[in-house]
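Undergrad: Quick one, fold the following:
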Amino acid sequence: MRELTPETSLGFEAIEAAELVGRRLHPWQKWFLIHSLELALGSFASDEFPVLRFKTVLLLVARQNGKSFIMSTRLLWRMLMWDGPEVEPPLILGAAHKLNAAEEILDLTTKALQRSRVRGYVAHKSAVNGNKYLELTNGSRYKCEAASDDGGRGLSTTDLAFDELRQQRDWESWSALTNTTNARFSSQTIAVSNAGTGKSAVLRGLRKQALDRLDEWDRYVTAGLMDAEQFANGHDTTIGIFEWSAPEGCDIWDREGWAQANPSMGHEDEHGIAYVTEDMLASKAALVGAQGEDGVPEHVFRTENLCQWVTAAVESVFGQGVWEGGSQPDSSIAEDSKIFLSVDVSHNREMGYISAAGLRPDNNRHVEVISQRAGTEWIVPFLSENFAATGAEAVVIQGRGAPASSLIEHLEAAGVPVIRCEGSNLGAAHGRFFDAVKARTVFHVPQPVLDAAAADGVMRPLGDVSVWDRKNSPVDVPPLIACAQAMWALDMASVREADQPVSSYNSRGLVVV
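TA: As a prediction, the model looks like this:
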């Protein structure tokens, strides 16, 4: 918004705090501190209580480049040097999808203090697993929680440090935790991650919000229609995105791309050692397998080492535009059609899906996702209560070897008819669905969860056939699997009907010609 100096950014002060505890920062880390701690227009470092511009800071950079290091450095600054108008000293809350991941940054912060010349500032620390915390002599505290929908309840935090944001599949944890900063002066949420996948709902959504703000800035300020202050009066300027990533579509051996995504590459630490090197990245790229061959999937290398979003890097198994060709907003199941439901679950059981299949009035098939919720506990009660109302014939589930297989006996005990899709039928279900999509004899309405699975899901061999890969796909493919299984049952029912003997006489006793 304006030139950044020691008067307009507290990042310079944060760099001093890093030096105070003996931390050597790489150039990109200094740049990040200066820009992410920019002060709001009209606020200056010499004010009694300076106001930070950004309420939300997103930091995206490839793996092992020092995200946790710079996060802990940033939090140390708040604990050591911040003095707000509240009676309570700063409270830092670290969060991640797993408690031990959040505690790693706390451990880095604690060790940095203990090894520095200001170690006397440590008043108390707890190393008890599940209850680690750090308290300084000025009253500042740092504690950790696992991200959950009730995270941080009852707390009022100055900084929320959200690690591995790419792991957040829904907004419940984010909403619960970020609202702990509402009642603190000049509070900030700092979320760090490498690039996400189609499953990374929170990171994807926040990144899009930030990029939209950048587009607005270009349309008005860069184009000369407004100055920064005029823009700030009518547009949100409180989200900042700091992303180091390789250009989209670059070759995996593009060494300039490596450098763009790995800003610590070649930079040494205080001991004169560079941990991120070209040789290291070359060794990772060398393990990438070609399409359909053994080796590290290319989308994994791109996500982890190039900080690229795999949704832009993985080509649909159906081919360009094929899935989209079957998308019709008005597609639906005919009133007199048989309907089959199918259940499938994420490989880690985090999300469950129910899809349906039936015939359209034109006798082509129609598939869609009819329900999606977190976990699996909801599925049996939901189907027990609603199965009759759906008019479905049965629920199809993979018979063995799938996360959803464990639900079969519970559904049957609840009186819900179940068809097991297993053995050779499993490959047949996936194969028939693939062929139907290619032939455009199956249609669907636009649904983001289903469209993402079709666009970015990958397949794996199962004997001489291929099936969708729940674990290694960059997005959740169970909604697509459930559609395939439901369509398979629909087709099998149609085959059985066609095999039934038909009388030569109609209902009036007349011969049908």
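Undergrad: center of this protein - which residue?
TA: S200 (1.0 Å; C-alpha atoms, centre = their mean).
Undergrad: Thought L165 was touching that residue, still the case?
TA: Yes - with contact defined as C-beta atoms under 8 Å, S200 and L165 form a contacting pair (7.5 Å). All C-beta atoms are positioned from the backbone trio N, CA, C, and that covers glycine.
Undergrad: joint contacts of those two?
TA: S193 (C-beta atoms under 8 Å, 6 or more residues apart in numbering).
Undergrad: on that earlier part again, give me the three-state assignment for the nearest residue to the residue nearest to the centre of the chain once chain neighbours are set aside.
TA: The shortest distance from S200 to any non-neighbouring residue, by C-beta to C-beta, 6 or more residues apart in numbering, is to R166 (4.4 Å). Assigned by DSSP: H, G, I helix; E, B strand; the rest coil, the conformation of R166 is helix.
Undergrad: how far away is A201 from E164?
TA: For A201, the distance to E164 (C-beta to C-beta, to the nearest Å) stands at 14 Å.
Undergrad: Sorry, wrong one. I was asking about V288.
TA: 23 Å.
Undergrad: Please identify which of these two sits among more neighbours.
TA: E164 (22 against 18; other C-beta atoms under 10 Å).
Undergrad: tell me the contacts of that one?
TA: Counted by C-beta under 8 Å, 6+ apart, E164 has contacts A96, H97, A101, V192, S193.
Undergrad: one more time with 6 Å
TA: A96, H97, A101, S193 (C-beta atoms under 6 Å, 6 or more residues apart in numbering).
Undergrad: So among those residues, which ones count as buried?
TA: Taking 16 or more other C-beta atoms under 10 Å as the criterion, what is buried in the contacts of E164 is A96, H97, A101, S193.
Undergrad: just those residues now: which is nearest D476?
TA: Using C-beta to C-beta, H97 comes nearest to D476 of the buried ones among the contacts of E164, at 15.6 Å.
Undergrad: now the closest one: how far from L91?
TA: H97 is 21 Å from L91, by C-beta to C-beta.
Undergrad: and if you look at D107?
TA: For D107 relative to L91 (C-beta to C-beta), the value is 18 Å.
Undergrad: which one of these two has more residues nearby?
TA: Neighbour count, other C-beta under 10 Å: between D107 and L91, L91 has more, with 23 against 17.
Undergrad: what pairs with the more buried one across the strands?
TA: Assessed by DSSP bridges, L91 has beta-bridge partners R141.
Undergrad: again with L58
TA: With DSSP bridges as the rule, L58 is bridged to A191, I241.
Undergrad: Return the set of buried residues in the longest helix seen in the chain.
TA: Assignment by DSSP state H gives helix 478-499 as the longest helix of the chain. Buried residues in helix 478-499, counted by 16+ other C-beta under 10 Å: 478-493.
Undergrad: Kindly report the same for stretch 10-25.
TA: Applying 16+ other C-beta under 10 Å to stretch 10-25 flags L10, G11, F12, E13, A14, I15, A17, A18, L20, V21, R23, L25 as buried.
Undergrad: roughly how far is it from the heart of the chain?
TA: The chain centre lies 31 Å from the centre of stretch 10-25; the measure is C-alpha atoms, centre = their mean, to the nearest Å.
Undergrad: Need the contact partners of that stretch.
TA: Taking C-beta under 6 Å, 6+ apart as the rule, stretch 10-25 contacts 6, 30, 33-34, 37, 73, 76-77, 80-81, 112, 116, 118, 269-270.
Undergrad: Show me what the helix or strand containing V343 is packed up against.
TA: In this structure, V343 sits in strand 339-345 according to DSSP states H and E. When contacts are defined as 3 or more C-beta pairs under 6 Å, 6 or more residues apart in numbering; DSSP states H and E, strand 339-345 packs onto strand 351-359, strand 395-398, helix 478-499.
Undergrad: hmm, 7 Å instead?
TA: For strand 339-345, the elements it packs on are strand 351-359, helix 379-390, strand 395-398, helix 478-499, judged by 3 or more C-beta pairs under 7 Å, 6 or more residues apart in numbering; DSSP states H and E.
Undergrad: Can you tell me which of these has the worst average pLDDT?
TA: Lowest mean pLDDT of the helices and strands packed on strand 339-345: helix 478-499, a mean of 89.
Undergrad: Contacts made by it with the rest, please.
TA: 338, 340-346, 353-358, 365, 367, 369, 393-394, 396, 419, 421, 425, 428-430, 432-433, 436, 442, 449-450, 453-454, 457, 468, 470 (C-beta atoms under 7 Å, 6 or more residues apart in numbering).
Undergrad: how about A17, phi and psi?
TA: Dihedral pair for A17: phi -60, psi -40, per degrees, to the nearest 10.
Undergrad: now the buried ones among the contacts of E164 in a markdown table, with secondary structure, pLDDT and distance to G401?
TA: Below are the buried ones among the contacts of E164 laid out as a markdown table (DSSP: H, G, I helix; E, B strand; the rest coil; pLDDT from 0 to 100; distance: C-beta to C-beta, whole Å):
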| residue | secondary structure | pLDDT | distance to G401 |
| --- | --- | --- | --- |
| A96 | strand | 89 | 31 |
| H97 | coil | 87 | 26 |
| A101 | helix | 84 | 29 |
| S193 | strand | 94 | 32 |
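Undergrad: Low-confidence ranges, this protein, go.
TA: 291-293, 310-315, 497-513 (pLDDT under 70).
Undergrad: any idea how it splits into domains?
TA: Here the domain parsing of the chain from automatic domain parsing is 11-244, 249-313, 322-499.
Undergrad: Just put these in JSON lines and tack on distance to R2.
TA: Output for those, formatted as JSON lines (distance: least, C-beta to C-beta, whole Å):
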{"stretch": "domain 11-244", "distance to R2": "7"}
{"stretch": "domain 249-313", "distance to R2": "24"}
{"stretch": "domain 322-499", "distance to R2": "39"}
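Undergrad: Who are the contact partners of A374?
TA: Applying C-beta under 7 Å, 6+ apart to A374 gives the contacts D170, E350, M351.
Undergrad: Quick check on those residues: which are buried?
TA: By 16+ other C-beta under 10 Å, the contacts of A374 give E350, M351 as buried.
Undergrad: Nearest to G224, out of the contacts of A374: which one, please.
TA: After measuring the contacts of A374 against G224 - C-beta to C-beta - the closest member comes out as D170, at 40.8 Å.
Undergrad: Now do that closest one against T441, distance only.
TA: 34 Å.
Undergrad: what does F382 give?
TA: On the measure of C-beta to C-beta, F382 and T441 end up 30 Å apart.
Undergrad: H410 now?
TA: 34 Å.
Undergrad: hey, where'd the helices end up in the stretch 401-513 of the chain?
TA: 408-413, 424-439, 448-456, 478-499 (DSSP state H, counting those that start in this stretch).
Undergrad: mind checking the end-to-end distance for stretch 160-169?
TA: Stretch 160-169 has an end-to-end distance of 19 Å (criterion: C-alpha to C-alpha, to the nearest Å).
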